[in-house]
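Visitor: sequence and predicted structure, then a few things I'm wondering about:
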Amino acid sequence: MALFDRLGGLLQGKKLNVRTRFELMRKAISGTMSKFYMARDRRNDQIVGLKILDPEKTAAFLARFKGLKKPSEGEIAIQLDHPRIVKTLEHGITTEGEQYLVMEFLDGAGMNSLLIGRDEILDGRRVRFIRQLAEALAAVHEKGFLHRDVCPRNVILSGDGENIKLIDFGLTVPATKEFMQPGNRTGTPNYMAPELVRRYATDQRLDIFAFGVTAFEICTFELPWLRGVTGQAAMTHDQPPIDIRTLRPNINPMLAKAIHYCIEPDRNKRCKSMEEFLSMIKRVEVMEQ
């Protein structure tokens, strides 16, 4: 029945009355282009995540792709069916003219919060989380998309703290030539690849760079370059990074090598795929770090 309800909503193009369909239990996050709620679906009592996009901010973002048929966030997210990616159940338009997504509700902490608090839950789980994030990003790339905003804020732990999921496809674009042209600089500055900062043409290696910075931070609680709140600090990302071993001397040498391979400033020398990264760390023990 749930499957038919989902398909029916998509095919009929019926607009969603948010207040009628959902009980908004609490506002969880306000993003740069959306609001996110923990909600109860009145039809089946299921607790879900409800994301509602700001129409003006979404339109401003889409204006970057004038003349191109960019799929909506919902159209992209619903294609990404993987155990390490938040599951999107439904998407469409509200009666207020806003895009919305209904997804599984994740009740764990954000990786960014764990890193800020230097949370001990990371002890013994770092390699596991890094591997899981790599698997999630590999799935995004396999489906033909660039995430474009890989960072700890977009990594959420499961309620039991044993697994992670990649979230937020608001900046995601198809990995095709027309969407990888120079000029589109979007993302989180501290995790931006040099070619993105410099507004050069991009490819999946910009995600690999952001992943590498995130993995570096998971291992050390620090970034491989000067931290900043604006794009100015990101202008240093074409310089050699800090050696991860100076911050975490006991790190597995192969893991250290693989992470540095991902944050190589010269993208022609950078790790070419998440599969290559996963192959490099396949013998690194999950509980070692």
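Guide: Nice, I can see it. Residues are numbered from 1 along each chain as shown.

Visitor: name all residues that make contact with Ala77.
Guide: Counting by Cβ atoms under 8 Å, 6 or more residues apart in numbering, Ala77 touches Val86, Thr88, His91, Leu101, Met103, Phe169, Thr172. For every residue, glycine as well, the C-beta is placed using N, CA and C.

Visitor: mind running it again at 6 Å?
Guide: Thr88, Phe169 (Cβ atoms under 6 Å, 6 or more residues apart in numbering).

Visitor: surely Phe179 and Thr186 touch.
Guide: No: judged on Cβ atoms under 6 Å, Phe179 makes no contact with Thr186 at a distance of 11.4 Å.

Visitor: could you check the pLDDT of Ala28?
Guide: Predicted confidence (pLDDT) for Ala28: 59.

Visitor: now swap in Asp238 and tell me
Guide: Here, the pLDDT recorded for Asp238 equals 85.

Visitor: what about it, how many residues nearby?
Guide: For Asp238, the number of neighbouring residues by other Cβ atoms under 10 Å comes to 14.

Visitor: do the same with Tyr100
Guide: Considering only other Cβ under 10 Å, Tyr100 is surrounded by 23 other residues.

Visitor: let's number from 59 now, not from 1
Guide: With 59 as the first residue, the last one maps to Tyr158.

Visitor: isn't it right next to Leu111, touching?
Guide: No: if you go by Cβ under 6 Å, Tyr158 and Leu111 don't touch, sitting 7.1 Å apart.

Visitor: which residue of Phe237 and Thr244 possesses the greater neighbour count?
Guide: Phe237 (18 against 14).

Visitor: show me the contacts for the more buried one.
Guide: Residues near Phe237 by Cβ under 6 Å, 6+ apart: Val231.

Visitor: per-residue confidence for it?
Guide: Per-residue confidence at Phe237 stands at 94 (pLDDT).
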